[in-house]
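> build me a structure from this.
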Amino acid sequence: MAQEKTYLDATIRTEFGKGAARRIRREDKIPAVLYGHGEKPVHLELEGHATMLAVKNPNNLLTIRYDGKEELALARDVQREILRRNIEHVDLVIVKRGEKVVVDVAVHVEGEAAPETVVTTENATLSVEAPATDIPEFFTVSVEGLEAGTQILAKDITLPEGVTLDSDEELLVVNITEQISAEALEAELADAEAEAGIEHDESDAAEAAEGAEGAEGESAEGDAAEGDDSEQE
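Numbering: from 1, shown residues only. Modelled structure (predicted):
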């Protein structure tokens, strides 16, 4: 399962601050920092489009080329704009051949379960420990023909050789339940509406009672005040 090499060419950053970062992005480049394994952090500028493609798979093994050097790295943190989702900054963690890293790997569900069932992916990723140079792109889970009541746990998923589970073994990944009929769904909705109506009526009654008590209190205070005024006259 060896990964294809993904190269990213970079240059050393010499300017810092928000203004410098904006200038870098205007030039279709991305600010980044490369660190790890006791190395001094290196501030870089990455090619914008190439970086965007490279980090689509968060576990893609990258070869960063800069200043005549090459470093293997993983994109540990990719910061994006909230609205346009453009990449603003990338944290790159140095990895070495032979070492293992803990990563989250996507779970892909395939196949069709038994008729009148609903398949729900409860956890779309699994945390595993894998060789840094051989991280799985995803895990495949088949639900073909499975009946309602079937649950697929993390421990049930077959992992490639050299990859071990880091998530809880009992973590629920896929849940297969019985499909609810239209009549049962309508009944549930009717019950929910009825309960909401009762709660609403009780709330209105409580508010009305509070209002009445408040009015009585104000009336009593007003009568007392009038009595005091009469005595003073």
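> using PDB, write out every CA atom in stretch 42-49.
Output of stretch 42-49 as PDB, limited to C-alpha atoms (Å, rounded to 0.1, in the frame of the first residue of the first chain):
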ATOM      1  CA  VAL A  42      11.200  26.400   9.200                       C
ATOM      2  CA  HIS A  43       8.800  29.100   7.900                       C
ATOM      3  CA  LEU A  44       8.000  28.400   4.200                       C
ATOM      4  CA  GLU A  45       5.900  29.600   1.300                       C
ATOM      5  CA  LEU A  46       4.100  26.800  -0.600                       C
ATOM      6  CA  GLU A  47       2.600  26.800  -4.100                       C
ATOM      7  CA  GLY A  48      -1.100  27.500  -3.700                       C
ATOM      8  CA  HIS A  49      -2.800  25.300  -6.200                       C
END
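> ok, and what's touching it?
The contact list for stretch 42-49 (Cβ atoms under 8 Å, 6 or more residues apart in numbering) reads 8-13, 16, 24-25, 28-35, 64, 66, 87, 90, 92. All C-beta atoms are positioned from the backbone trio N, CA, C, and that covers glycine.
> quick one, helices of this protein?
18-26, 48-54, 182-232 (DSSP state H).
> about what we covered before: buried among the contacts of stretch 42-49? Make that a PyMOL selection.
Applying 16 or more other Cβ atoms under 10 Å to these leaves a buried subset, and the PyMOL line that selects it is:
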select buried, resi 8+10+13+24+25+29+30+31+32+34+35+64+66+87+90+92
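> re earlier: hey, least reliable of the helices of the chain by pLDDT?
When the helices of the chain are ranked by mean pLDDT, helix 182-232 comes last with a mean of 62.
> lowest-confidence helix or strand of the chain?
Counting by mean pLDDT, DSSP states H and E, the chain has its least confident helix or strand at helix 182-232, which shows a mean of 62.
> what about the contacts of stretch 42-49, which are in strands?
With DSSP state E as the criterion, strands contain 8-12, 29-35, 64, 66, 87, 90, 92 from among the contacts of stretch 42-49.
> just for the chain, where's the confidence low?
The model of the chain has pLDDT under 70 over residues 1-4, 198-233.
> how is it divided into domains?
Domain ranges of the chain: 6-96, 101-178, 181-233, per automatic domain parsing.
> and the second one, how far out from the chain's middle?
Between the centre of domain 101-178 and the centre of its chain there are 17 Å (Cα atoms, centre = their mean, to the nearest Å).
> span of it from start to end?
39 Å (Cα to Cα, to the nearest Å).
> number of nearby residues for Pro131?
Neighbour count of Pro131, defined by other Cβ atoms under 10 Å: 20.
> name whatever forms a beta bridge with it.
Lys100 (DSSP bridges).
> how many residues are close by the closest residue to Val103 other than its chain neighbours?
Spatial nearest neighbour of Val103, excluding adjacent residues (Cβ to Cβ, 6 or more residues apart in numbering): Asn59 at 5.0 Å. Neighbours of Asn59 under the rule other Cβ under 10 Å: 20.
> the one 4 residues further on now?
Applying other Cβ under 10 Å, we find 14 other residues in the vicinity of Thr63.
> hang on, it packs against Asp9?
No. Using Cβ atoms under 8 Å, Thr63 is not in contact with Asp9; the gap is 9.8 Å.
> where do the contact lists of the two overlap?
By Cβ under 8 Å, 6+ apart, no residue touches both Thr63 and Asp9.
> just to revisit the earlier point, list the contacts for the residue nearest to Val103?
Asn59 is in contact with Leu74, Val103, Asp104, Val105, Ile135, Pro136, Glu137, counting by Cβ under 8 Å, 6+ apart.
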